[in-house]
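Colleague: here's my sequence, what's the structure:
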Amino acid sequence: MHASRSTLPRRTAAALVGLAVVLLLAGCFFDAPPPKGSEAALTSLLSRIEHLPGVATASGEVRQRDAKDAPKDWLADIRITAGGSGLDTAREVREAAAKGVTGTRLLVTLDVPGAPGLAEVTVDPMEAGLVALVDRLRRESVVASVSGDAYGSTVGLAAQASIAGAVTSIRPLLEGRSATLERGRSSVGVTATYPGPSLLGALDGLDSDAAVSEIDYTAGTSYAAEPGGSAERPRLSVEARGAGVPATPASTPAAGQASTSAVTALAAALARTTDEAADAHVAPRTAFSVGAGDDTDASGWLGLPLGSAQPDDDAPVVKTPGPLPTDGSAPAYETWVPADVAAQTAALTDFLTRSAAATTVGSAVTTGVEQCSPTDKSDLSGTRATAWTVVPIFTVYDDGQKPFDAVAALWSTAGMRLTDHAMGQDHWAASAKAAAGGVASADMEGTVDGLSMRAQSGCVG
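Modeller: Residues are numbered from 1 along each chain as shown. Next up, the predicted model:
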């Protein structure tokens with residue numbers, strides 16, 4: 001006698017197998033329940049925040065940071081809008097939310113509207129130091145907006161602000177932090193070290209150059225900030241439109257020639273731009289690239305001729321060859337001792353003071369020194385005196401051409417000659433006789449802040 005065996009029709013069995021697979025796969029993505037009590041705790045917190053005197057609205061949710069890769073990492077994400085322009089609301093929110101939300105990490109974003117003399121703000125109110133920073137920044141006239149969180153601060157530049165002027169205004173306010181300046185398609189990272197004075201002038205030129213469509217500068221780190229390790233190299237990326245033929249299709253020869261010309265000119269100007277931090281051996285040299293969106297590109301290093309090899313400067317240069325100390329002591333680094341360039345500094349100061357006076361406006365002159373390579377050496381043991389000033393010509397003139405021409409006439413009389421024009425800057429070089437007097441080269445450009453001028457001596461050493 002045979003036992004009977006029941007079977008399922010093939011079509012039914014296939015359907016059940018398919019359903020099992022679907023359920024198995026779907027189970028990977030089912031929403032897990034939030035931590036017990038978290039939603040009630042959030043509701044209670046939102047109610048307290050909404051009743052704070054400085055708060056207009058508050059909303060939030062309990063959510064997974066990443067349902068697939070971090071299903072147990074729950075966030076209480078809260079967004080608050082302040083009812084007024086004051087940042088006292090941040091302190092009120094911080095005190096109300098101090099205990100957090102059960103079983104979650106707290107993320108709080110506070111939006112504060114602007115007011116005359118105060119930029120609008122988006123900030124994480126839970127960090128008092130960050131709130132104090134954005135409060136300092138929002139009061140600067142060059143700032144249109146400020147946002148700050150655990151990942152950094154971003155400053156939206158006002159339309160009339162120059163990049164150099166903005167960096168000069170906000171850098172002292174950062175107190176060791178970093179920030180990113182943004183406007184349109186321009187983005188410039190700022191730290192205590194970067195960008196240097198020369199690059200700031202170049203960035204202003206790029207920002208106002210019709211041949212440039214995008215600027216992206218990432219500030220690096222100094223050797224002091226990375227003890228025992230490699231410092232991060234700063235990088236500048238510039239996108240050129242292809243000057244002179246904006247309406248010509250990129251595939252035409254004219255557009256290609258224009259793109260190549262713009263890229264070459266921009267790259268050459270950047271290669272001539274001094275990198276003060278690299279020359280002083282306190283940080284790696286800035287890398288740059290210039291492209292035109294049509295496979296036309298060039299790259300190099302600030303202050304080095306085009307075609308130079310990548311500098312081996314991710315870490316400080318050790319003074320003597322051989323292995324690093326193994327006893328825990330610090331290696332000896334190259335020390336630059338500036339030469340005496342007092343006479344050259346005096347000559348540069350007099351030169352720029354007379355140049356400013358030629359505009360009938362006048363301005364103070366700032367001086368400094370930088371490393372350079374003497375003509376008979378390949379190292380950077382030499383010293384060059386530098387001086388710069390920005391003449392606020394627009395406090396007197398509606399148009400900058402007259403004071404610009406007055407300075408150009410003075411420089412010509414002093415034995416200088418115009419050698420190049422790039423990124424909005426006129427570059428001048430001195431005759432041998434004029435250079436002997438202390439001024440070897442100079443440049444000037446018009447900015448929103450006025451007429452910017454810089455002069456350099458020859459290399460001494």
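Colleague: same question for stretch 68-87, mean pLDDT?
Modeller: The predicted model assigns stretch 68-87 a mean pLDDT of 90.
Colleague: could you pull out the buried residues of that stretch?
Modeller: The neighbour-count check on stretch 68-87 (16 or more other Cβ atoms under 10 Å) flags 74-78, 80, 82, 85, 87 as buried. Quick note: C-beta positions are derived from backbone N, CA and C, even for glycine.
Colleague: what ranges in the protein fall below the confidence cut-off?
Modeller: 1-31, 224-229, 242-259, 294-296, 316-336, 376-380, 422-424 (pLDDT under 70).
Colleague: in space, what's closest to residue 403 - neighbours in sequence excluded?
Modeller: Nearest residue to residue 403, sequence neighbours excluded (Cβ to Cβ, 6 or more residues apart in numbering): residue 359, at 3.6 Å.
Colleague: can you pull the contacts of the one you found?
Modeller: Neighbouring residues of residue 359 by Cβ atoms under 8 Å, 6 or more residues apart in numbering: 391, 393, 396, 403, 406-407, 451.
Colleague: show me where the stretch 301-450 of the chain has helices.
Modeller: Using DSSP state H, counting those that start in this stretch, the helices of the stretch 301-450 of the chain run over residues 342-358, 401-413, 432-436.
Colleague: ranking the ones you listed by burial, who's on top?
Modeller: Across the helices of the stretch 301-450 of the chain, averaging neighbours per residue (mean count of other Cβ atoms under 10 Å) puts helix 342-358 on top, at a mean of 19.
Colleague: returning to what we had before: grab the two from the buried residues of stretch 68-87 that are most spread out in space.
Modeller: 74 and 85 (33.4 Å; Cβ to Cβ).
Colleague: related to what we said a few turns ago, among the contacts of residue 359, which two are most distant?
Modeller: Farthest apart among the contacts of residue 359 by Cβ to Cβ are 396 and 407. That separation is 14.1 Å.
Colleague: tell me what whichever strand or helix holds residue 169 is packed against?
Modeller: In this assignment (DSSP states H and E), residue 169 forms part of helix 163-174. For helix 163-174, the elements it packs on are helix 128-137, strand 152-157, strand 179-183, strand 186-190, helix 197-208, judged by 3 or more Cβ pairs under 8 Å, 6 or more residues apart in numbering; DSSP states H and E.
Colleague: quick one, which of these is nearest to residue 289?
Modeller: Using Cβ to Cβ, these put helix 197-208 closest to residue 289, at 12.9 Å.
Colleague: what is the closest one packed up against?
Modeller: Under the contact rule (3+ Cβ pairs under 8 Å, 6+ apart), helix 197-208 is packed against helix 163-174, strand 212-218, helix 253-271, strand 425-430, strand 441-447, strand 450-456.
Colleague: nearest to residue 45, out of these?
Modeller: Checking those against residue 45 by Cβ to Cβ gives helix 163-174 as the closest, at 31.9 Å.
Colleague: may I see the buried residues of that closest one?
Modeller: Across helix 163-174, burial judged by 16+ other Cβ under 10 Å covers 163-167, 169-171, 173-174.
Colleague: repeat that for stretch 207-218.
Modeller: For stretch 207-218, a neighbour-count test (16+ other Cβ under 10 Å) marks 207-209, 211-215, 217-218 as buried.
Colleague: beta partners of the residue nearest the centre of the chain?
Modeller: Nearest to the geometric centre of the chain sits residue 189, at 1.5 Å (Cα atoms, centre = their mean). Beta-bridge partners recorded for residue 189 (DSSP bridges): residue 180.
Colleague: what does residue 121 give?
Modeller: Residue 121 has these beta-bridge partners by DSSP bridges: residue 112, residue 146.
Colleague: contacting residues around it?
Modeller: 87, 110-112, 114, 134-135, 138, 145-148.
Colleague: can we see that at 10 Å?
Modeller: 82, 85, 87, 90, 110-114, 131, 134-135, 137-138, 143, 145-148 (Cβ atoms under 10 Å, 6 or more residues apart in numbering).
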